[in-house]
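# Okay, here's the prediction I keep looking at, along with the sequence it came from:
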Protein chains: 2
Amino acid sequence: MRERPLRTSPYSIDVVLVTAMGNELAILLTRGSAERERWSLPWRTPQTGETLEATAVRVAQDALGEPPIWMEQLGAFGDAKRHPSDSEISVAFVGLVPHETASPHAGYTWFPMRDLPPLSPRQRAIVEAAMRTIQGRLDQAPIAFRLLPLTFTLSELQQMYELLLGKRLHKASFRRALQAAWLVEPTDEWRSEGRGRPAQLFRYAPKKRRKPHRGVRFDFLYP
Amino acid sequence: MRERPLRTSPYSIDVVLVTAMGNELAILLTRGSAERERWSLPWRTPQTGETLEATAVRVAQDALGEPPIWMEQLGAFGDAKRHPSDSEISVAFVGLVPHETASPHAGYTWFPMRDLPPLSPRQRAIVEAAMRTIQGRLDQAPIAFRLLPLTFTLSELQQMYELLLGKRLHKASFRRALQAAWLVEPTDEWRSEGRGRPAQLFRYAPKKRRKPHRGVRFDFLYP
DNA sequence: TGACTTTAGTCGCGAAAAGTGACTAATTCG
DNA sequence: CGAATTAGTCACTTTTCGCGACTAAAGTCA
């Protein structure tokens, strides 16, 4: 058994939990009792013998009761910026959570990305890194699919990509890229959503490619 | 002043210093006195008040007498894998050093990537992450140029890219991509390198682009 | 009912970029 | 000198991109 210093932890694990709330991205923040009036990212200090990832999953469990559907480490953040835990560095993670199944425990609240409360400089840097990482992984990991229900329309999928990228995409090009990447397959169900022609439902079903070619790339709209 | 625990440091800063040695990439390893017979990445524990980057630069200074020409954080590595410093986690960095000016201090040795001595699992993971990061940043940061002298031939530049990517590139496409990216400008000097037509010397001189468009992308050769 | 609106889904073309072999140019070697 | 060698460019084909315009199937409202 290894002792931890009593006053301050060597490092904390901070997690940016991201979800799609309606038309916006949102992240989970908490206001602990000891941290007078400032919101902060969920965090914990590691337990002995626990891997970094395991601690990050535990943070998510404590906040939402379930693990993220996708997670990635953002790196270590120090920079002499003050952190609520008073730890010297934070090892930060991003995690994605589908909004349907994500009901925050007491003390945790979803905040839309557009309207975040003041955070510590370090945590603000972490949130920005999280967004950059999500956008960078979007064409390599099935991030958008994981934020949607098992079946979805292509319009819903496109809207999710637009939300994550913060950009409008061109419909025809989006579908062409999707087909080239062999990521979805149609079901035989259709959904009528009020006005307009009913949309076919698709599911995420990546085909094995012999060559891992290049990632999915969409055409941007420059409005 | 904050006290550090005496027995183990909370974390160490490990640096993968990469250079181009002739036709191969090489990284710097050290065999400290206390670390019986095993080579390891250069590392230090942080001093109070020092940023992570500053510590990483200090590691490079101690090993080579000069700071890396480019550096990036790789993240935190824990995974319960044993580290020579006995620290719980390592915050790892990659740094690039041009080989001409990089003479290792006593106890440090360049090892070609193809022929590394046994490393701890954690450090092996760090080295692999370093290579992935270099390849991923190659089209965003002027990595290849920084490993070359101030003026260079386009063949030398292409060889450097091939070395870093581990792939052959097609000459005509390479030059086309280079021109599209406005990264180099010709000098009026030529260099005769034994047999064959003399090559014109170029220098790194990135033009400001109004739109940061996309990164440089080269055409691969599939042999 | 029938014109109009709204959303889904597709087509196809012009432009741009990528992939590649073959060509010309300037040097050294024998 | 001619062959070999390396640098640099050209030209052609294929693929991908950007995007407007089209058809399809529903609801809305006079």
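Happy to help now that I have it. Residues are numbered from 1 along each chain as shown, chains lettered A, B, ... in the order given.
# Where does A:Gln61 sit: helix, strand or coil?
helix (DSSP: H, G, I helix; E, B strand; the rest coil).
# Pop out the phi and psi values for the residue nearest to it when sequence neighbours are not counted.
The shortest distance from A:Gln61 to any non-neighbouring residue, by Cβ to Cβ, 6 or more residues apart in numbering or on different chains, is to A:Pro67 (6.2 Å). In short, each C-beta sits where N, CA and C put it, glycine included. The phi/psi pair for A:Pro67 (degrees, to the nearest 10) reads phi -80, psi 160.
# try A:Thr51
phi -70, psi 160.
# Go ahead and confirm it touches B:Glu88.
No - checked against Cβ atoms under 8 Å, the pair A:Thr51 and B:Glu88 is beyond contact range at 10.4 Å.
# Among those two, which residue is more densely surrounded?
B:Glu88 (23 against 14; other Cβ atoms under 10 Å in any protein chain shown).
# hang on, isn't the more buried one packed against B:Tyr11?
Yes - with contact defined as Cβ under 8 Å, B:Glu88 reaches B:Tyr11; the gap is 6.6 Å.
# per-residue confidence for A:Asp188?
On pLDDT, A:Asp188 comes in at 95.
# One more: A:Ala102?
81.
# gap between it and chain B?
26 Å (Cβ to the nearest Cβ, to the nearest Å).
# So that residue: helix, strand or coil?
Classified using three-state DSSP, A:Ala102 is coil.
# Hmm, A:Glu66 and it touching each other?
Yes - the pair A:Ala102 / A:Glu66 is scored as a contact, 7.3 Å apart, by Cβ under 8 Å.
# so, in contact with DNA strand D or not, the helix or strand harbouring A:Gln179?
Assigned by DSSP states H and E, A:Gln179 falls within helix A:171-181. Yes - shown here: helix A:171-181 in contact with DNA strand D (Cβ under 7 Å from any atom of the strand) through A:Lys171, A:Ala172, A:Ser173, A:Arg176, A:Ala177, A:Ala180.
# Next: stretch A:189-196.
Yes - counting by Cβ under 7 Å from any atom of the strand, DNA strand D is contacted by stretch A:189-196 at A:Trp190, A:Ser192, A:Gly194, A:Arg195, A:Gly196.
# Any idea how far apart the tips of that stretch sit?
One end of stretch A:189-196 to the other measures 16 Å (Cα to Cα, to the nearest Å).
# which outside residues touch it?
Applying Cβ atoms under 8 Å, 6 or more residues apart in numbering or on different chains, the external contacts of stretch A:189-196 come out as A:Thr151, A:Thr153, A:Pro198, A:Ala199, A:Gln200, A:Leu201.
# gap between the last one and chain B?
I take that to be A:Leu201. 33 Å.
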